[in-house]
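In: let me see the structure of the following:
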Amino acid sequence: MSQRSDRVKKGVERVPHRALMYATGVPKKEMKKPFIGIASSFTDLIPGHIGMRDLERFVEKGIHTGGGYPFIFGLPGVCDGIAMGHKGMHYSLPLRDLIADLVESVAEGHALDGLILLTNCDKISPGMLMAAARLDIPSIVVSAGPMMTGRYRGKKLSLIRNTFEAMGRFKNGEITADELSSCEMGACPGAGSCQGLYTANTMNCLTEAMGMSLPWCGTAMAGSAEKRRIAFESGVRIVELVQKNITPRKIMTRAAFENAIRVDLALGGSSNTVLHLLAIAHEAGVDLPLELFDELSKTTPHIASLEPVGDYYMEDLHWAGGISAVLARLKDSIQDNPTVSGKRIKALISAVDYIDDNVLRPLKRPHHKEGGIAILKGNLAPLGAVVKQSGVSSAMMRFSGRARVFDSEERAMKAILKKDIKKGDCIVIRYEGPKGGPGMREMLSPTATLMGMGLGDSVALLTDGRFSGGTRGPCIGHISPEAMEGGPIALVKEGDLIELDIHKRTLQLRVPEEELESRRKAWKAPAPKITSGWLSRYARNVTSANTGAIQE
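Out: Prediction:
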């Protein structure tokens with residue numbers, strides 16, 4: 001059987017190439033085996049990635065057992081929680097595209113036959129999937145797993161509620177400095193992606209739902225023996241995929257994306273998944289319009305209430321039956337499709353023999369009749385905006401408020417901490433989109449602080465930036481076109497009336513059209529915030545959020 005790696009290891013003209021590979025320690029008899037790359041995003045900087053050295057070993061064992069030869073290569077990572085609220089967050093979303101480019105570069109430069117994509121957190125996982133779709137060589141994603149919850153005086157602790165939102169409660173005098181310190185020390189007890197259904201865990205769940213990870217991979221806990229076994233079996237299985245030429249585009253079909261969207265909607269996952277699924281579909285050559293999320297949302301009930309919205313965590317979802325159980329709950333609307341396991345989706349559903357009805361409610365008694373995400377449109381967002389409606393209280397599904405306008409996250413945060421924001425205000429944070437940010441920064445600090453200060457049911461927040469998967473409350477992001485492209489959000493003035501109706505999917509700026517036209521003629525794009533380094537190139541090439549913030 002011919003192999004991609006024959007390009008670098010077969011024939012007399014490849015004597016120099018083989019010499020260099022022998023220099024790495026490859027035994028001569030191993031040269032005929034498939035060359036499998038392990039794209040590892042291990043780093044000491046990210047809690048979700050610190051345990052990957054162990055998983056690398058088990059993936060290697062699996063590849064050897066399956067009859068392949070493994071090569072580990074490294075990829076960078078940025079922890080969104082650590083990058084939050086300062087210059088570092090500019091790099092988070094662009095890192096997604098950088099990772100895809102790096103995986104492509106190594107896989108093509110060394111003619112690898114297959115890939116294990118070892119990932120876990122926020123933009124790294126979608127970057128890996130973008131690379132798999134683009135390269136279309138046999139690939140399996142192995143996510144390192146969620147973090148266990150912390151504990152404080154008998155109560156569970158997690159990152160968002162007990163650090164970001166705790167800042168607001170401390171500012172309000174609801175908790176003491178000692179209690180805040182206890183939260184800080186206990187919220188993140190060890191390795192793993194943060195405990196709730198934030199972006200990292202949502203994307204890892206959707207990767208399994210799409211069929212690009214083995215069953216249970218999306219929810220198996222970090223550091224567990226189960227995760228080691230999944231890593232080992234993934235190593236064995238990737239060699240079989242190479243031998244059978246089962247590539248990502250045979251798995252990442254339109255049906256796979258629709259299944260993933262339904263799982264996302266049923267779980268009430270991160271709004272960032274809209275950006276990522278659009279970008280991954282683009283690389284896979286699959287037409288995935290933004291409006292599809294809303295179409296599916298209207299027929300997909302929200303059946304799980306995980307942190308940050310509810311009181312369950314990833315460990316609860318795992319023991320409730322995992323992603324196969326979610327698929328089983330939705331079986332009548334789930335489409336059959338192949339997976340990297342060799343089993344089709346319907347076969348995985350048929351094998352489910354237990355579902356915890358408390359964590360994953362039956363369809364007849366959902367938390368909400370519609371899915372977790374809604375797409376809004378109106379004269380303020382003609383190309384669309386995204387809201388995680390599962391995190392919005394019934395009192396805020398319709399809202400009318402006066403605009404408080406800020407041209408950066410930092411300015412808004414200062415006003416919030418100074419208690420300049422009052423009930424009934426509609427905070428507008430602009431020039432934070434893909435171009436304007438650049439990098440479409442997450443707004444977790446302002447949203448979590450508002451919740452902690454008790455303003456979650458009386459203040460709305462709108463932005464052309466995006467929100468963390470840990471965001472809850474009436475927070476509308478991804479407003480397109482963004483302000484830097486002259487979108488209507490750039491024309492909003494202090495005191496303008498803004499009306500939000502999530503039920504009707506509308507977002508309106510109540511300003512006469514002739515006045516908006518006058519403002520449009522007077523508008524000039526501000527100077528870029530960053531004019532050097534690769535982010536300046538990114539800003540020139542990236543599209544608005546309604547396309548997935550892809551690079552043209």
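In: chain neighbours aside, what residue packs nearest to residue 369?
Out: residue 301 (5.7 Å; CB to CB, 6 or more residues apart in numbering). (C-beta placed from N, C-alpha, C; glycine too.)
In: pull the number of nearby residues for that neighbour.
Out: Here the number of neighbours of residue 301 (other CB atoms under 10 Å) works out to 21.
In: OK, contacts around it?
Out: 266, 363, 366, 367, 368, 369, 370, 371 (CB atoms under 8 Å, 6 or more residues apart in numbering).
In: hmm, the fourth one is touching residue 306, no?
Out: No - contact status for residue 367 versus residue 306: not in contact, 10.5 Å apart, counting by CB atoms under 8 Å.
In: can you tell me the element the closest residue in space to residue 129 that isn't next to it in sequence falls in?
Out: Distances taken as CB to CB, 6+ apart place residue 280 nearest to residue 129, at 4.8 Å, with adjacent residues excluded. Per DSSP states H and E: residue 280 is located in helix 272-284.
In: rewinding a little: take the contacts of residue 301 and keep only those in helices.
Out: Judged by DSSP state H, the subset of the contacts of residue 301 located in helices is residue 266.
In: now neighbour count, distance to residue 132 and pLDDT too, for the contacts of residue 301, in TSV please.
Out: What follows is the contacts of residue 301, written out as TSV (neighbours: other CB atoms under 10 Å; distance: CB to CB, whole Å; pLDDT from 0 to 100):
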residue	neighbour count	distance to residue 132	pLDDT
266	29	24	97
363	16	32	97
366	18	33	97
367	16	33	96
368	17	33	95
369	11	35	96
370	20	31	96
371	29	26	97
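In: name the next helix or strand following the helix holding residue 280 along the chain.
Out: Next along from helix 272-284, by DSSP H and E: helix 291-297.
In: other residues contacting that following helix?
Out: 258, 261-262, 265, 274, 370-375, 384, 386, 389, 505.
In: ok, those vs residue 154, which is closest?
Out: Of all the contacts of helix 291-297, residue 154 sits closest to residue 372, with 29.7 Å by CB to CB.
In: how is the spatially closest residue to residue 453 that is not a sequence neighbour assigned, secondary-structure-wise?
Out: Residue nearest to residue 453 in three dimensions, not counting chain neighbours: residue 168, with 4.2 Å by CB to CB, 6+ apart. Of the three states, residue 168 takes helix under DSSP: H, G, I helix; E, B strand; the rest coil.
In: secondary structure element holding residue 498?
Out: strand 497-501.
In: could I get that strand in CSV with only the CA atoms?
Out: Written as CSV, here are the backbone C-alpha positions of strand 497-501 (Å, rounded to 0.1, in the frame of the first residue of the first chain):
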residue,chain,number,x,y,z
LEU,A,497,-32.7,53.6,22.6
ILE,A,498,-31.9,50.0,21.9
GLU,A,499,-34.5,47.2,21.9
LEU,A,500,-33.9,43.5,22.2
ASP,A,501,-36.4,40.8,21.7
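In: so who does residue 253 touch?
Out: With CB under 8 Å, 6+ apart, residue 253 has these contacts: 286, 337.
In: just the buried positions in stretch 289-300, please.
Out: In terms of neighbour count (16 or more other CB atoms under 10 Å), stretch 289-300 has its buried residues at 290, 292, 293, 294, 296, 297, 300.
In: so which of those comes closest to residue 479?
Out: Among the buried residues of stretch 289-300, and counting by CB to CB, the member closest to residue 479 is residue 290, at 12.4 Å.
In: does the residue nearest to residue 453 really touch residue 451, like I thought?
Out: Yes - contact criterion CB under 8 Å: residue 168 and residue 451 qualify, at 6.4 Å.
In: now the longest helix along the chain, how far from the centre of its chain.
Out: Identified as the longest helix of the chain according to DSSP H is helix 225-244. Between the centre of helix 225-244 and the centre of its chain there are 24 Å (CA atoms, centre = their mean, to the nearest Å).
In: can you list contacts of it?
Out: Against helix 225-244 from outside (CB under 8 Å, 6+ apart): 1, 3, 34, 36, 54-55, 58-68, 70, 113-116, 118, 138-140, 142, 144-145, 213-214, 216-217, 220-221, 247, 340-342.
In: same check on stretch 316-329?
Out: 146, 197, 205, 208-209, 215-216, 218-221, 259, 263, 266-267, 303-304, 306, 334, 345, 348-349, 351-352, 354-356, 358-360, 362-363.
In: and these, which are buried?
Out: 146, 197, 205, 208-209, 215-216, 218-221, 259, 263, 266-267, 303-304, 306, 334, 345, 348-349, 352, 355, 359-360, 363.
In: now, those residues that are in strands?
Out: Judged by DSSP state E, strands contain none of these.
In: so how far is residue 172 from residue 132?
Out: 46 Å (CB to CB, to the nearest Å).
In: more crowded one of those two?
Out: residue 132 (31 against 14).
In: what's the helix or strand for residue 477?
Out: strand 475-480.
In: which helices and strands sit right next to that strand?
Out: Applying 3 or more CB pairs under 8 Å, 6 or more residues apart in numbering; DSSP states H and E, one finds that strand 475-480 contacts strand 381-388, strand 460-463.
In: by contact count, what packs against the first one?
Out: For strand 381-388, the contact count by 3+ CB pairs under 8 Å, 6+ apart identifies strand 373-378, strand 475-480 as packing neighbours.
In: in JSON lines: those, plus mean neighbour count and mean pLDDT.
Out: Below are the helices and strands packed on strand 381-388 laid out as JSON lines (neighbours: other CB atoms under 10 Å; pLDDT from 0 to 100):
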{"stretch": "strand 373-378", "mean neighbour count": "22", "mean pLDDT": "96"}
{"stretch": "strand 475-480", "mean neighbour count": "29", "mean pLDDT": "95"}
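In: and residue 430, which of the ones you listed is closest to it?
Out: strand 475-480 (8.1 Å).
In: quick one: contacts for residue 308?
Out: By CB under 8 Å, 6+ apart, the neighbours of residue 308 are 158, 160, 161, 196, 197, 198, 391, 469, 470, 471, 472.
In: next, the fifth one: phi, psi?
Out: Translated: residue 197. With angles defined as degrees, to the nearest 10, residue 197 sits at phi -90, psi 60.
In: just to revisit the earlier point, go through the buried ones among the contacts of stretch 316-329 and flag which are in helices.
Out: Per DSSP H, the subset of those in helices is 205, 208, 209, 259, 263, 266, 267, 345, 348, 349.
In: skipping its backbone neighbours, what lies nearest the spatially most central residue of the chain in space?
Out: The centroid of the chain falls nearest to residue 199 when counting by CA atoms, centre = their mean (3.7 Å). Distances taken as CB to CB, 6+ apart place residue 469 nearest to residue 199, at 3.7 Å, with adjacent residues excluded.
In: tally of neighbours for the one you found?
Out: Other residues close to residue 469 by other CB under 10 Å number 26.
In: so it, which state does it fall into?
Out: Under three-state DSSP, residue 469 comes out as coil.
In: could the helices and strands packed on strand 475-480 go into CSV alongside mean neighbour count?
Out: What follows is the helices and strands packed on strand 475-480, written out as CSV (neighbours: other CB atoms under 10 Å):
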stretch, mean neighbour count
strand 381-388, 25
strand 460-463, 28
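In: now the nearest residue to residue 219 once chain neighbours are set aside, what's its secondary structure?
Out: Excluding the flanking residues, the one nearest residue 219 by CB to CB, 6+ apart is residue 318, at 3.8 Å. With three-state DSSP as the basis, residue 318 sits in helix.
In: residue 218 against residue 144, yeah?
Out: No - the criterion here is CB under 8 Å, and residue 218 misses it with residue 144 at 11.3 Å.
In: dump the helices and strands packed on strand 381-388 into TSV; add distance to residue 396 as well.
Out: Shown next, in TSV, are these (distance: least, CB to CB, whole Å):
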stretch	distance to residue 396
strand 373-378	13
strand 475-480	10
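In: out of those, which comes closest to residue 99?
Out: strand 475-480 (21.0 Å).
In: okay, now the sheet partners of that closest one, with direction.
Out: strand 381-388 (antiparallel), strand 460-463 (parallel) (DSSP bridges).
In: can I get these in CSV including distance to residue 109?
Out: Listed next are these as CSV, based on distance: least, CB to CB, whole Å:
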stretch, distance to residue 109
strand 381-388, 37
strand 460-463, 39
